[in-house]
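Colleague: Let's see this in three dimensions:
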Amino acid sequence: MAYREQVDLMYRGGAETVNKAHFTLLYSRAHNIALTSRNIRSGWSKTGIFPFNPRKVFDSMQQAPVNPAPAEIAATVPTQPALSPASLKTPTNTISLAALQSKLQERPENVAHVDPYLQKILNAAKRAFAERELLKDENDAPMQQNNEKKARKHANERKIGNKVMTFEDIVEARKMWERAEADK
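Modeller: Next up, the predicted model:
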């Protein structure tokens, strides 16, 4: 909490970001505020570790059952897959669509089969997802080539020369380049 307060104070002062220098300063201040001997002793005594109080330590621990009863084990196993509208998500790829299809086939009320119309919709959606992925892959290659071409073109336009240049040389070359651009 102390660090957050320090950051809030800094933002109220007009800062917009916390860079590395600000972070170390604010963290140091927060560290000095939070880690006092009083706070440390309070934490140790609240847990019962110092001064050592075993009763307090054991009371705060949750006890897990050693061997759960067989009735409890059977109660934790679901009898049917969860397929409620709240747990459903719209499939966005073929894998999630196939998972939805298998859940539909496992439902106890549809023991024989999934409705043929629903099966047609599932098959059409699988095909559409597959075609979309293929088209996306086909479009990615020309897009990357186009972007590389643009990057090469712009890099060559600003190429100044092959010698090692001082700052003054760079400023003069930039002025010459700007004059040449203005003449065009």
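Colleague: C-alpha from now on. contacts and neighbour counts both.
Modeller: Noted.
Colleague: Tell me the spacing between the residue nearest to the spatial centre of the chain and Phe129.
Modeller: The chain has Thr92 as the residue nearest its centroid, 18.4 Å off, counting by C-alpha atoms, centre = their mean. In this view, Thr92 and Phe129 are 8 Å apart by C-alpha to C-alpha, to the nearest Å.
Colleague: Check the residue nearest to the centre of the chain and give its pLDDT.
Modeller: Per-residue confidence (pLDDT) for Thr92: 77.
Colleague: Domain map for the chain?
Modeller: 2-60, 85-157 (automatic domain parsing).
Colleague: tell me, which of those domains is the model least confident about?
Modeller: Ranked by mean pLDDT, the domains of the chain bottom out at domain 85-157, which scores a mean of 75.
Colleague: In terms of secondary structure, what does the lengthiest helix in the chain contact?
Modeller: Counting by DSSP state H, the longest helix found in the chain is helix 116-157. Contact here means 3 or more C-alpha pairs under 8 Å, 6 or more residues apart in numbering; DSSP states H and E; on that basis helix 116-157 packs against helix 94-106.
Colleague: For the helix it packs on, which residues meet the burial criterion?
Modeller: Residues of helix 94-106 classed as buried by neighbour count (16 or more other C-alpha atoms under 10 Å): 94, 97, 100-101, 104-106.
Colleague: Give me the helices and strands touching it, please.
Modeller: Secondary elements touching helix 94-106 (3+ C-alpha pairs under 8 Å, 6+ apart): helix 116-157.
Colleague: Determine how far the helix it packs on lies from the middle of the whole chain.
Modeller: 24 Å (C-alpha atoms, centre = their mean, to the nearest Å).
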